[in-house]
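S.K.: From the sequence below, what's the structure:
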Amino acid sequence: MIKGFWKKLAEKTRKEKRPILASASMANVTDAAFRRMIAKYGKPDVMWTEFVSCDGLCSGGKKNLMLDLTFDKSEHPIVVQFFGAKPENFYKCALMAQELGFDGIDINMGCPDRGVVRQGAGSALIKNPKLAVKIIKETIRGAGKLPVSVKTRTGFNELEYKKWIPYLLKMDIAALTIHGRTKKEMSDVPARWDIIGEIVKMRNKAKSKTLIIGNGDVSSLVDAQEKYEKYGVDGVMVGRALFGTPYFFNSKTRKITLKYKLKLALEHTKLFEKIFGDKKPANTKEWCGGKHFEIMKKHYKAYVSGFDNAKKIRMRLMNVKSSDSAKKTLNDLIISL
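M.R.: Sure, this is the predicted structure:
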């Protein structure tokens with residue numbers, strides 16, 4: 001059943017003849033700092049948090065993980081994504097999501113990470129549909145009025161969507177995001193949007209109301225629109241293309257210069273520091289407010305990629321040891337341009 005914000009989004013985008021646009025959940029990437037950059041410079045229709053462990057939230061590790069659930073009003077509508085393999089913990093986390101004010105709950109059934117798979121979570125659930133169904137039921141039971149969605153892949157070691165997807169379409173989920181690769185393929189092969197299109201047809205044949213969101217290798221808004229029109233999806237989720245481009249979802253044209261990108265990196269650094277409180281050297285084993293400053297370095301690489309002297313600039317940014325030294329380096333670089 002389509003409910004909550006999903007219903008309004010579906011009605012709005014169908015009238016506008018465009019896809020629902022979503023930012024993907026990416027561990028140590030789409031944290032609160034980066035999401036606020038995206039919300040400011042090019043907000044999509046809906047945003048996802050990083051994925052968060054249900055087991056961790058239901059244990060002594062809850063305190064550290066709560067920062068992964070930080071968001072502000074600029075990010076609405078925002079969906080929290082949970083992963084795990086214990087239905088009872090999904091129920092508890094769904095109750096928590098209500099209390100925290102999220103707009104929806106998403107269940108990760110597609111993560112290929114070995115550590116996650118060893119827990120029987122993420123993409124491992126493709127091989128265990130009975131457990132997947134129990135997890136969805138318990139999440140819905142705890143979600144109250146919040147819509148529940150699922151993100152998954154086309155299979156585990158091989159294409160298994162014809163057996164796997166019907167289990168999900170029978171459930172009362174608002175949306176189903178399909179990453180167009182198997183767990184085994186990781187991101188090593190092109191995303192199979194033709195398979196995503198077949199899943200749309202399966203949904204239609206089953207007369208399910210679940211929204212289908214396609215994910216994988218979306219390079220631009222034009223590309224998203226083309227995939228929407230060609231494959232019949234209700235929405236398009238963007239992941240890796242967001243790196244270094246918090247303005248991705250902004251359709252207004254602008255001149256992108258190195259100076260502009262460095263200013264974005266500086267603003268991003270200040271937000272990271274404000275939210276996560278980094279003041280300690282990155283080469284210590286201490287956590288800075290729950291997030292290690294080293295996380296920012298993958299963003300720095302993306303911000304400067306494609307420009308002249310990118311390698312030289314990147315090396316300077318890779319050598320910074322804290323948010324303070326990063327701010328000084330970025331300021332120096334901006335002044336020099």
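
S.K.: which residues of this structure fall in strands?
M.R.: Secondary structure of the chain by DSSP state E: the strands cover 20-23, 46-53, 78-83, 104-109, 148-155, 175-182, 211-215, 235-238.

S.K.: Include distance to Glu273, mean neighbour count and mean pLDDT when you put those into TSV, please.
M.R.: All C-beta spots, glycine's among them, are computed from the backbone N, C-alpha and C. TSV is the format used below for the strands of the chain (distance: least, C-beta to C-beta, whole Å; neighbours: other C-beta atoms under 10 Å; pLDDT from 0 to 100):
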stretch	distance to Glu273	mean neighbour count	mean pLDDT
strand 20-23	22	26	98
strand 46-53	18	24	97
strand 78-83	22	26	98
strand 104-109	28	26	98
strand 148-155	30	26	98
strand 175-182	32	26	98
strand 211-215	31	25	98
strand 235-238	26	26	98
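
S.K.: need those in a markdown table with distance to Gly306, can you?
M.R.: Written out in a markdown table, the entries for the strands of the chain read as follows (distance: least, C-beta to C-beta, whole Å):
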| stretch | distance to Gly306 |
| --- | --- |
| strand 20-23 | 21 |
| strand 46-53 | 25 |
| strand 78-83 | 30 |
| strand 104-109 | 31 |
| strand 148-155 | 29 |
| strand 175-182 | 25 |
| strand 211-215 | 24 |
| strand 235-238 | 18 |
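
S.K.: buried ones in the helix or strand bottoming out on mean pLDDT in the chain?
M.R.: One helix or strand of the chain scores below all others by mean pLDDT, DSSP states H and E: helix 62-65, with a mean of 80. Across helix 62-65, burial judged by 16 or more other C-beta atoms under 10 Å covers Leu65.

S.K.: could you say what helices and strands it packs with?
M.R.: In terms of contacts (3 or more C-beta pairs under 8 Å, 6 or more residues apart in numbering; DSSP states H and E), helix 62-65 is packed against helix 54-57.

S.K.: So for the helix it packs on, mean pLDDT?
M.R.: Averaging pLDDT along helix 54-57 gives 95.

S.K.: Now for Asn250, how many residues are close by?
M.R.: 16 (other C-beta atoms under 10 Å).

S.K.: so who does the nearest residue to it once chain neighbours are set aside touch?
M.R.: Nearest residue to Asn250, sequence neighbours excluded (C-beta to C-beta, 6 or more residues apart in numbering): Gly42, at 3.4 Å. Taking C-beta atoms under 8 Å, 6 or more residues apart in numbering, we find Gly42 in contact with Thr245, Pro246, Tyr247, Phe248, Phe249, Asn250.

S.K.: let's see it at 7 Å
M.R.: With contacts defined as C-beta atoms under 7 Å, 6 or more residues apart in numbering, Gly42 is in contact with Pro246, Tyr247, Phe248, Phe249, Asn250.

S.K.: Most neighbours of all those, which one?
M.R.: For the contacts of Gly42, neighbours were counted using other C-beta under 10 Å, and Pro246 has the most, 24 neighbours in all.

S.K.: Now do the buried residues in the longest helix along the chain.
M.R.: The residue-count maximum for a helix in the chain (DSSP state H) belongs to helix 258-276. For helix 258-276, burial by neighbour count (16+ other C-beta under 10 Å) applies to 258, 261-269, 271-273, 275-276.

S.K.: now stretch 86-98
M.R.: Lys86, Pro87, Asn89, Phe90, Tyr91, Cys93, Ala94, Met96, Ala97.

S.K.: From Ile78, how far out is the last one?
M.R.: The one in question is Ala97. Shown here: Ala97 relative to Ile78, a distance of 10 Å by C-beta to C-beta, to the nearest Å.
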